[in-house]
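Asker: Sharing a model that was predicted from the sequence below.
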Amino acid sequence: MLKIITVFLFSLSFNTFAKDVVVEIYKKKFIPAHITIEKGDTVIWKNIEKRQYHNVWFKQFDKEEPDYFFPDESYQRTFNKTGEFAYECGPHPKMTGIVIVK
Ligand SMILES: [Cu+2]
């Protein structure tokens, strides 16, 4: 029992500073397109279009284009390294964004 509590407390403290940051996708735009987060944070892209699918393609990480996601679906990625990470939407290359991890 003590072991379980210890593991629980450890995981709680480990996650204290990591947060989720939401980027909405609407009218073929990432909103906001530029975000700054901290190491360990997770970005969740939510498609709030009426009918348009998209994806979030970090070409420096993913050789292959990720799957599309549709209205009311989302996509997420956790950033464990600092840096500036540009991305775009595969089917709509004019849709671009950047995640700055500090
Ligand atoms: Cu798109």
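Answerer: Nice, thanks for sending it over.
Asker: Counting residues, what is the longest strand that the chain contains?
Answerer: strand 92-101 (DSSP state E).
Asker: Can you pull the residues of the chain lying near the ion?
Answerer: Selection of the chain residues close to the ion by Cβ under 5 Å from the ion yields 54, 89, 92, 95. Glycine gets a C-beta too; all of them are placed from N, C-alpha and C.
Asker: ok, now with 6 Å
Answerer: 28, 54, 89, 91, 92, 95 (Cβ under 6 Å from the ion).
Asker: List buried residues within the residues you listed.
Answerer: Neighbour counting with 16 or more other Cβ atoms under 10 Å marks 54, 89, 95 as buried within the residues of the chain next to the ion.
Asker: right, and out of those, which lies closest to residue 62?
Answerer: Ranked by distance to residue 62 (Cβ to Cβ), those are led by residue 89 at 12.8 Å.
Asker: Now that closest one. Its backbone dihedrals?
Answerer: Torsion angles at residue 89 (phi, psi; degrees, to the nearest 10) stand at phi -100, psi 120.
Asker: Could you tell me what pLDDT the model assigned to the nearest residue to it once chain neighbours are set aside?
Answerer: Nearest non-adjacent residue to residue 89, counting by Cβ to Cβ, 6 or more residues apart in numbering: residue 95, 3.9 Å away. Note for residue 95: predicted pLDDT of 98.
Asker: check contacts around the residue nearest the centre of the chain.
Answerer: In the chain, the C-alpha nearest the mean C-alpha coordinate belongs to residue 43, at 2.7 Å (Cα atoms, centre = their mean). For residue 43, the contacting residues are 20, 21, 22, 23, 35, 37, 76, 77, 78, 79, 99, by Cβ atoms under 8 Å, 6 or more residues apart in numbering.
Asker: and of those residues, the nearest to the ion?
Answerer: Nearest to the ion among the contacts of residue 43, counting by Cβ to the ion, is residue 23 at 12.5 Å.
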